[in-house]
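1. What would the 3D arrangement of this be:
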Amino acid sequence: MPTVVIADDSPTLRRILTSVLTKEGFEVVVAEDGVSAVQQVFATMPDAVVLDVQMPRVSGYVAARLLKDDWQTADIPVILLTSLDAASDRYWGAQTGADRYFTKDFEAPQLVVAVREVIQAASESADGRRNLRPDPVDLGDDDVMSRVCDLLDRKLFETSVAAEVTSLAATMTGFEQTVAGVLEVLRRFVDYDLASVLLLEERTAYVAVAQETSQAQYAELLGGAVDALAAVSGVQIAVSDLELRLADPDNFLGEEDERGMATFLSMPLKGHGGHVIGLLALSSGQKNAFGETALATLRLVDGPAAIVIDNARLAQVRAEA
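-> All right, here's what the predicted structure looks like:
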């Protein structure tokens, strides 16, 4: 028997939804606000969740984000119920990761159909794999609110990083200055020894030196970058074909020694139309230098950075035409 968590601060609506879904063969667990909803989901690991948007303590929007943000509950389908039906409300509902969005003028059979459909869709997305759910977790009120704060902090960080990159379009005056700006923004959020933007069409590698490093690591970064770019673009480039632009204001790039590259990380830069325009590469002399936080930050940076660089390049081409 599939289990559904229903969260609504209206006792009347909770009774109606419970009656309708129970008659259709569902086991129903109820919650009266957003905090309780999150607690019940982690405690029961249900097959689906139905959330009212406007609830005390934590809204349905926030509860949905918490559930979709956590690997333990991310695959559980969420249906939002609300009396709000402006375009902005529907957009915000979609941004939570919710699978369906219903206004409260729905008919009960519509909800039953929707619950069955999202459960079926979740099953199909597993592609025949056994649906493994983690063990139930008991969360106190403080645990839930702590997760809310962590989520808000992370979203604020993500927004700040993306804003830093996209603001370059307004503050940088040229193509090369834009590329340098991208590398400088990256330095504020990720610790690296060397970072490079390797551009495919221009056959140019822009390299920023952030820590004391060696010529060996510099050479290894360039070699790793051209190999990685070939893998994602299908275009073979030799390091000797590149025009190198080095930014090392503190003279951190030393002479040849035994210090080589211990960690290398790269991500393709995709411009307009999803075309690969280049590669962002980082290196460090320390092993396992780039953890999950660095990876998450790079995923925030690479998309906006690619578009900003692509726009700057197109602007330069138009100016030179």
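
2. ok, Met172 - contacts?
-> Taking Cβ atoms under 8 Å, 6 or more residues apart in numbering, we find Met172 in contact with 178, 181, 312. Where C-beta positions appear, they are placed from N, C-alpha and C, glycine not excepted.

3. Specify which member of those residues is nearest to Glu292.
-> Checking these against Glu292 by Cβ to Cβ gives Gly181 as the nearest, at 25.7 Å.

4. other SSEs contacting the stretch of helix or strand the closest one belongs to?
-> Here Gly181, judged by DSSP states H and E, is contained in helix 175-189. Other elements packing on helix 175-189 under the criterion 3 or more Cβ pairs under 8 Å, 6 or more residues apart in numbering; DSSP states H and E are helix 141-166, helix 168-171, strand 194-199, strand 204-209, strand 243-247, helix 292-320.

5. Restricting to C-alpha, output the fourth one in PDB.
-> Spelled out, that is strand 204-209. The C-alpha coordinates for strand 204-209 follow below in PDB (Å, rounded to 0.1, in the frame of the first residue of the first chain):
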ATOM      1  CA  THR A 204      44.600  31.000 -26.300                       C
ATOM      2  CA  ALA A 205      45.200  29.900 -22.700                       C
ATOM      3  CA  TYR A 206      44.800  32.500 -20.000                       C
ATOM      4  CA  VAL A 207      46.600  31.400 -16.800                       C
ATOM      5  CA  ALA A 208      46.300  32.900 -13.300                       C
ATOM      6  CA  VAL A 209      48.900  32.100 -10.600                       C
END
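
6. Neighbouring strands - and their directions - for it?
-> Paired strands of strand 204-209, with direction, are strand 194-199 (antiparallel), strand 243-247 (parallel) (DSSP bridges).

7. Pick the most buried one from those strands.
-> strand 194-199 (a mean of 25; mean count of other Cβ atoms under 10 Å).

8. when you compare where it runs with where helix 175-189 runs, what's the angle?
-> For strand 194-199 against helix 175-189, the angle between stretch directions is 140 degrees (axes from the mean of the first three to the mean of the last three Cα atoms, to 10 degrees).

9. model confidence over strand 194-199, on average?
-> Averaging pLDDT along strand 194-199 gives 93.

10. Go ahead and produce PDB holding the CA coordinates of it.
-> Coordinates of the C-alpha atoms in strand 194-199 are reproduced here as PDB (Å, rounded to 0.1, in the frame of the first residue of the first chain):
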ATOM      1  CA  LEU A 194      46.900  27.700 -11.000                       C
ATOM      2  CA  ALA A 195      43.700  28.400 -13.000                       C
ATOM      3  CA  SER A 196      43.300  28.600 -16.700                       C
ATOM      4  CA  VAL A 197      40.600  29.600 -19.200                       C
ATOM      5  CA  LEU A 198      41.500  27.800 -22.500                       C
ATOM      6  CA  LEU A 199      39.600  29.100 -25.500                       C
END
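
11. Give me the contact list for it.
-> Outside strand 194-199, the residues that touch it by Cβ under 8 Å, 6+ apart are 179, 182-183, 186-187, 204-210, 213, 217-218, 221-222, 225-226, 229, 242, 269, 277-284, 305, 309, 313.

12. roughly how far is it from the heart of the chain?
-> 22 Å (Cα atoms, centre = their mean, to the nearest Å).

13. taking the helices and strands packed on helix 175-189 together, which one is wrapped up most tightly?
-> Most buried among the helices and strands packed on helix 175-189, given mean count of other Cβ under 10 Å as the contact rule, is strand 194-199, at a mean of 25.

14. what's the closest of the strands paired with strand 204-209 to Glu117?
-> The nearest among these, by Cβ to Cβ, is strand 194-199 at 44.7 Å.
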